[in-house]
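S.K.: show me the folded form of this:
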Amino acid sequence: MQPLSASGLLEVWERGADRSPVEQALILLAAAYPRTPAEALANLTIGQRDACLLQLRLLTFGPQLNGLAACPSCGERLELALDARDLQGDRLALPEPGSAEAGSTEAAFTLAPYEVTYRLPTSADLRRLTRLDDPGLARQQLLEACVLKVRRGKKTVPAGELPDDVLAALGERMGQAGSLADLTLAVTCPACRHQWKVLFDIVSFFWSEISAWAARLMREVHILASAYGWREADILALSPWRRQRYLELIGI
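M.R.: Below is the predicted model of the structure:
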């Protein structure tokens, strides 16, 4: 994995500013793995993708994850602090895209009288569903796309004939298969003691951080370029510490 420089982050932000979360995730992966074919990155399972993005986020901004949440009961705003290394643990295996370990893996379960063999969803699967306006239809089509084989006794049946309870069981198993997409955090409001769960999505969290960082950096570039006449590339080549010292010298 290749860490992202300041100029690399700005390029990623510019390319992905108006794209869907699926595309933003793939743009980040392409920057982190510049020698890996785009197809191999798109065919990582969502869990593998999230593991790579979490590691990239750790290398880019450090292990501390800071966020805000509003209590749904009283409206109190809470600061949430997590350590990316705690989220990694044994939950997600970091693959090397394009390796034998990367990509979709097969699994199976039985919910009588059905025996279902399936694979885990990938970014390529999600990208095909981005134009669907009905979330329920998109979820059903995703589950059916990941079904490899269905047997009812000795008979093979189409995935489209699976009943709702089997599709629900399939979705639950996919969600438990090592993905940060279904990671929820238990939160208690210190003001009213209300308890609820907050969904952690590494793609939206990381991209929000990049957007805020890019806005600050472009302002710094504008100020330093105006004050010293430096080129953007020269300013981006400075460390954050040195940029801050120059900003202090001109009273910012």
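S.K.: what about Gly138, neighbour count?
M.R.: Not quite, residue 138 is Ala, not Gly. Neighbour count of Ala138, defined by other C-beta atoms under 10 Å: 16. Where you see a C-beta, it was placed from the backbone N, CA and C, and this is true even at glycine.
S.K.: that should have said Leu82, apologies.
M.R.: 15.
S.K.: SS state for it?
M.R.: Under DSSP: H, G, I helix; E, B strand; the rest coil, the three-state class of Leu82 is strand.
S.K.: hey, what's it bridged with?
M.R.: Leu65 (DSSP bridges).
S.K.: residues contacting it?
M.R.: 64-65, 67, 185, 200 (C-beta atoms under 8 Å, 6 or more residues apart in numbering).
S.K.: can you say which of those are buried?
M.R.: 65, 200 (16 or more other C-beta atoms under 10 Å).
S.K.: and the least confident of the contacts of Leu82?
M.R.: On pLDDT alone, Leu185 ranks lowest of these, at 79.
S.K.: which other helices and strands does the strand or helix carrying that one contact?
M.R.: Taking DSSP states H and E as the definition, Leu185 sits inside strand 183-188. If contacts are counted by 3 or more C-beta pairs under 8 Å, 6 or more residues apart in numbering; DSSP states H and E, strand 183-188 sits against strand 77-83, strand 195-200.
S.K.: and the angle from the first one to strand 195-200?
M.R.: This points to strand 77-83. 60 degrees (axes from the mean of the first three to the mean of the last three C-alpha atoms, to 10 degrees).
S.K.: run through who's touching the helix or strand just after strand 77-83.
M.R.: Per DSSP H and E, strand 77-83 leads on to helix 84-88 as the next helix or strand towards the C-terminus. Helix 84-88 is contacted from outside by 51, 54-55, 57-58, 63-65, 94, 180, 183, 200, using C-beta under 8 Å, 6+ apart.
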